[in-house]
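>>> Generate coordinates for the sequence data below:
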Amino acid sequence: MRLVATGASRKFFYESPRQGLVEVGIQKGSLLFEGTKNGATYAGTAYVYSKRCGRIGFAVSGTVAPDQRSVTVYGQAPLRAENCQPGGYRNETLSFTFLGP
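Below you'll find the model as predicted:
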């Protein structure tokens, strides 16, 4: 993952997606999260990808760890039926930890 931070704006992009993700359409540079940082809180939109339905956004929010090296956001990711219509939701947790440049 790669973080792009501009002012309060935050975006996480896939840098080296694993094969299973590539099979559903994720490539280097695909967006995973876009939102803002306000104090110790991140809030915005995360994305799930589907080969059949494309990119689908959902609301997430969470906090930055006290050491500022990780952030975890939570939300309800949509599940899609075969016709790409909403078919429910699942709890989703995204955690990012800074490993260095």
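>>> which secondary structure elements does the lowest-mean-pLDDT helix or strand in the chain contact?
When each helix and strand of the chain is scored by mean pLDDT, DSSP states H and E, helix 19-22 comes last, with a mean of 91. The contact analysis (3 or more C-beta pairs under 8 Å, 6 or more residues apart in numbering; DSSP states H and E) places helix 19-22 against no helix or strand. For glycine as for every other residue, the C-beta is placed from the backbone atoms N, C-alpha and C.
>>> now the next helix or strand after it: mean pLDDT?
Proceeding N to C from helix 19-22, the next assigned helix or strand is strand 31-38, under DSSP states H and E. Taken as a whole, strand 31-38 has a mean pLDDT of 98.
>>> Report the buried residues of the next helix or strand after strand 31-38.
Of the helices and strands lying after strand 31-38 in sequence (DSSP H and E), the nearest is strand 41-50. Within strand 41-50, the residues that qualify as buried are 42, 44, 46-49, counting by 16 or more other C-beta atoms under 10 Å.
>>> Please apply the same query to stretch 67-77.
By neighbour count on 16+ other C-beta under 10 Å, the buried set for stretch 67-77 is 71, 73, 75, 77.
>>> Could you pick out which of these are located in helices?
If you go by DSSP state H, those have nothing in helices.
>>> which SS state does the residue located most distally from the centre of the chain fall under?
Residue distances from the centre of the chain (C-alpha atoms, centre = their mean) peak at residue 83, which lies 23.4 Å from the mean C-alpha position. Using DSSP: H, G, I helix; E, B strand; the rest coil, the structure places residue 83 in coil.
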